[in-house]
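Participant: My questions concern the predicted model and sequence given below.
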Amino acid sequence: MSTPSNAAVVAALRQLVVYTQLEDGRSQSFRTRAYEKAIDAISARSEPVAELSISELTAIEGIGDSTARKVKELAANGSIGKVDRLKERFPPSMLELMRIPGLGPKTVLALQSKLGVTDVAGLEEAIATEKLRTLPGLGVKSEQKIAGAIELLGIHSDERRTPVFDAMLVARRIIADLEASGLAEQIEFAGSLRRLEETIGDVDILVVSSHAAGVIEAFVSLPGVTAVMGSGSTKASVVVDDTIQVDLRVVDAGAFGAALLYFTGSKAHNIELRQIALARGLTLNEYSLSDIESKESVASVSEKSIYHALDLPWITPEIREGIGEIGAAREGLLPNPLMESDIKGDLHVHTAWSGDGRSSMTEMLDAVAARGLEYVVVTDHAEDLAINGLSRGEVLEERAEIEAQRLRLPELTILHGAELNIGPDGDIDYDAEFLSGFDFGVASIHSHLDLAQDRQTHRLLAAVANPAVNVIGHPSGRKIGRRPGAVFDADAVFSAAAENGTAIEINSHLQRLDLAAPLIRQAMTFNGLMFSIATDSHHTSELGNIRWGVAQARKGWVPAARVLNCLTLTEFSAFVARKRRF
DNA sequence: GCCGTTTTCGGCCCGACTGTTTTCAGTCG
């Protein structure tokens, strides 16, 4: 039997959580919380955890002996015994019932025991025959609400999480519309979006305003709102475009930091902070950090003030996963958060010379200069990409234009590079002599993403060793929620990259965010391995995507010292020169 | 089920909204 992937382990543990909620008859038992913590811990790792030994597993924070054995059980038998046993008591269709918003373990158990209902069809029948309202605590309104929720089934389930790119579009649209209302003093997105998770359940938006009622009213009637799930005096939930839930919370300016912290999560991170607060006689909620005895507020205005009051440095949202970042912060092991202002150059930029480039060279370089960057590499596609790539003749013409641009923009150092295509066997465009004419090379895979792992690894290793290649661009080729990336032996590729002086790209586009964060953390363990945080812009409007690449690097705990384009021009040039020996 | 700068046993975060309750249970985040 092949080793279950981490995704498979996580899926099995998620099932275990829901079955255990049914067994316990409540959604928050200490057991289910422990399972959820283990899920978070496994999700953040890149190596297949099913291959680890029991002792290696229990060394991971959040995984104890019991969960470790369940993981090994899954690897050996293909299933977890406890889940198999619970399936006898609770048919799998009850899991589907648990996914319906508004139905929790208590209600689902009552459905089974009082009405014999264990699936969605039975529930619909019970609603149609007005039997649901006979259950204690449920009435006509509950019946209607659940009937409506069944229609929305799928929207809130794990299977229907939204890729971060799409969720960000919705968030920015809602924020712009709310800004136009003029009632908000400040608006921020929070939740998993602010933590830059790859997929988003609900979009969370935080508004500072002294006119909460007006903001809520404006929010629930925004264009695109197709359902209102709930609406109170300070919070409301709606469904936008029939596809994604957006939660809004309105707070006073004085509580902004506490609210942002609370609303950003993760839940596990917040629980840990609250435990630390309690140990100091303090209590933390979404309004403030305050003294338990005197009730006096200690900190609330900014996140930073709250962390400081708990003797912690400000922890960047992207790593608030409750998987050890607080302990690391306490021991001073967290890197200083990488900031956009640390970026000195963009090493992967296209112009109209590429078939898919949509801004002219002049427009692109002006935009780069306007962003205050010191250097840039123009990396148009190369000849192997038939439609978008440049022929040798065009490369030479482009080089001449770059010469002219250098005279026009003396403050900006412009390198002539190329985005080379890594073929299925690891070969790249042109020949060694022609390649030596470039100042810089990014090599990326654009096709054959489904090769077997050993071929994929061989392919990348060949590119890593090529003297014309300074960076491996979007290393997996994935598009979040649209296509999985190539699977390769990451240890082998990172080790070779560190040895050869080939940097690994962190692609800033929200559809890519490639490398994935767990792989970045894995790559961080290879001394000397450098990252390139690049936008891969095809239009000037995409240069701003660098903020997402920087955030992705933070998610991987990358310090500025490990980022090639955070180096000074002199250091950067030296790093490049060491590799380009033909 | 997990974990240890009070603990190998005994703790384990906090509040809003809803619907059904006349004071609260269930759900959600």
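Facilitator: Received the coordinates, thanks. Numbers count the residues shown, from 1 in each chain, chains lettered A, B, ... in the order given.

Participant: A strand includes residue A:188, no?
Facilitator: Yes - according to DSSP: H, G, I helix; E, B strand; the rest coil, residue A:188 belongs to a strand.

Participant: show me the residues around it that make contact.
Facilitator: Residue A:188 is in contact with A:194, A:205-206, A:260, counting by C-beta atoms under 8 Å, 6 or more residues apart in numbering. Bear in mind the C-beta positions are built from the backbone N, C-alpha and C, glycine included.

Participant: Lowest-scoring secondary structure element of chain A by mean pLDDT?
Facilitator: Least confident helix or strand, chain A: helix A:140-151 with a mean of 87, by mean pLDDT, DSSP states H and E.

Participant: can you pull out the strands in the stretch 351-500 of chain A?
Facilitator: Using DSSP state E, counting those that start in this stretch, the strands of the stretch 351-500 of chain A run over A:375-381, A:413-421, A:440-444, A:471-473.

Participant: Please identify which of the ones you listed is closest to DNA strand B.
Facilitator: When those are compared by C-beta to the nearest atom of the strand, strand A:471-473 sits nearest DNA strand B, at 34.9 Å.

Participant: now that closest one, how far from the centre of its chain.
Facilitator: Averaging C-alpha positions (C-alpha atoms, centre = their mean, to the nearest Å) puts strand A:471-473 20 Å from its chain's average.

Participant: if we can go back for a sec, with respect to residue A:38, which of the strands of the stretch 351-500 of chain A lies nearest?
Facilitator: strand A:471-473 (32.4 Å; C-beta to C-beta).

Participant: pLDDT averaged over that closest one, what's the number?
Facilitator: Across strand A:471-473, pLDDT averages out at 98.

Participant: Each with direction, which strands does that strand pair with?
Facilitator: Looking at strand A:471-473 with DSSP bridges, its partner strands are strand A:440-444 (parallel), strand A:503-507 (parallel).

Participant: Buried residues in that strand, which are they?
Facilitator: By neighbour count with 16 or more other C-beta atoms under 10 Å, strand A:471-473 contains the buried residues A:471-473.

Participant: now, which of those sits nearest residue A:120?
Facilitator: Taking C-beta to C-beta as the measure, residue A:120 lies nearest residue A:473 of the buried residues of strand A:471-473, at 45.3 Å.

Participant: Setting aside sequence neighbours, what's the nearest residue to the closest one?
Facilitator: Residue nearest to residue A:473 in three dimensions, not counting chain neighbours: residue A:444, with 3.5 Å by C-beta to C-beta, 6 or more residues apart in numbering.

Participant: what's that neighbour in contact with, if anything?
Facilitator: A:419-422, A:472-475, A:477, A:505.

Participant: which among these end up buried?
Facilitator: Among the contacts of residue A:444, those buried by neighbour count (16+ other C-beta under 10 Å) are A:419-422, A:472-475, A:477, A:505.

Participant: what's the closest of these to residue A:323?
Facilitator: Nearest to residue A:323, judged by C-beta to C-beta, of the buried ones among the contacts of residue A:444 is residue A:475 at 23.4 Å.

Participant: End to end on stretch A:549-562, go ahead and measure it.
Facilitator: Distance across stretch A:549-562, first residue to last, is 14 Å (C-alpha to C-alpha, to the nearest Å).

Participant: What is the distance between that stretch and the centre of its chain?
Facilitator: With C-alpha atoms, centre = their mean, you get 13 Å for stretch A:549-562.

Participant: likewise stretch A:38-58?
Facilitator: Between the centre of stretch A:38-58 and the centre of its chain there are 19 Å (C-alpha atoms, centre = their mean).

Participant: what's the first-to-last distance across that stretch?
Facilitator: End-to-end distance for stretch A:38-58: 10 Å, by C-alpha to C-alpha.

Participant: quick one: contacts for residue A:407?
Facilitator: With contacts taken as C-beta under 8 Å, 6+ apart, residue A:407 has no neighbouring residues.

Participant: if I read this right, residue A:312 contacts residue A:330, doesn't it?
Facilitator: Yes - the pair residue A:312 and residue A:330 passes the contact test of C-beta atoms under 8 Å, sitting 6.4 Å apart.

Participant: out of those two, which sits in the busier spot?
Facilitator: Neighbour count, other C-beta atoms under 10 Å: between residue A:312 and residue A:330, residue A:312 has more, with 17 against 14.

Participant: that's a helix at that one, yeah?
Facilitator: No - judged by three-state DSSP, residue A:312 forms no part of a helix; its state is coil.

Participant: Who are the contact partners of it?
Facilitator: By C-beta under 8 Å, 6+ apart, residue A:312 lies in contact with A:276, A:326, A:329-330.

Participant: What pLDDT is listed against residue A:158?
Facilitator: For residue A:158, the predicted pLDDT is 50.

Participant: With adjacent residues omitted, what lies nearest to residue A:290?
Facilitator: Distances taken as C-beta to C-beta, 6+ apart put residue A:297 closest to residue A:290, at 4.7 Å, once the chain neighbours are dropped.

Participant: scratch that, residue A:203 is what I was asking about
Facilitator: Of all residues not flanking residue A:203 in the chain, residue A:246 sits nearest, at 4.5 Å (C-beta to C-beta, 6+ apart).

Participant: Surely residue A:98 is in contact with residue A:17?
Facilitator: No - between residue A:98 and residue A:17 there is no contact under C-beta under 8 Å: 9.9 Å.

Participant: Dihedrals phi and psi, residue A:388?
Facilitator: phi -100, psi -10 (degrees, to the nearest 10).

Participant: What is the burial count for it?
Facilitator: Neighbours of residue A:388 (other C-beta under 10 Å): 18.

Participant: now residue A:137
Facilitator: With other C-beta under 10 Å as criterion, residue A:137 counts 8.

Participant: which SSE is residue A:532 in?
Facilitator: Per DSSP states H and E: residue A:532 is located in strand A:531-534.

Participant: swap in residue A:576?
Facilitator: Under the criterion of DSSP H and E, residue A:576 resides in helix A:569-579.

Participant: How about residues contacting that helix?
Facilitator: A:344-345, A:374-375, A:413, A:439-440, A:467, A:469-470, A:500-503, A:530, A:564-565, A:567.

Participant: Enumerate every residue touching residue A:511.
Facilitator: When contacts are counted by C-beta under 8 Å, 6+ apart, residue A:511 touches A:163, A:165, A:479-480, A:482.

Participant: sorry, back to before: buried set for the helix holding residue A:576?
Facilitator: Across helix A:569-579, burial judged by 16+ other C-beta under 10 Å covers A:572-573, A:576, A:579.

Participant: same check, this time on stretch A:109-126
Facilitator: Of all the residues in stretch A:109-126, those buried under the rule 16+ other C-beta under 10 Å are A:109-112, A:115, A:117-120, A:122-123, A:126.

Participant: chain center to that stretch, what's the gap?
Facilitator: From the chain centre to the centre of stretch A:109-126 is a distance of 37 Å (C-alpha atoms, centre = their mean).
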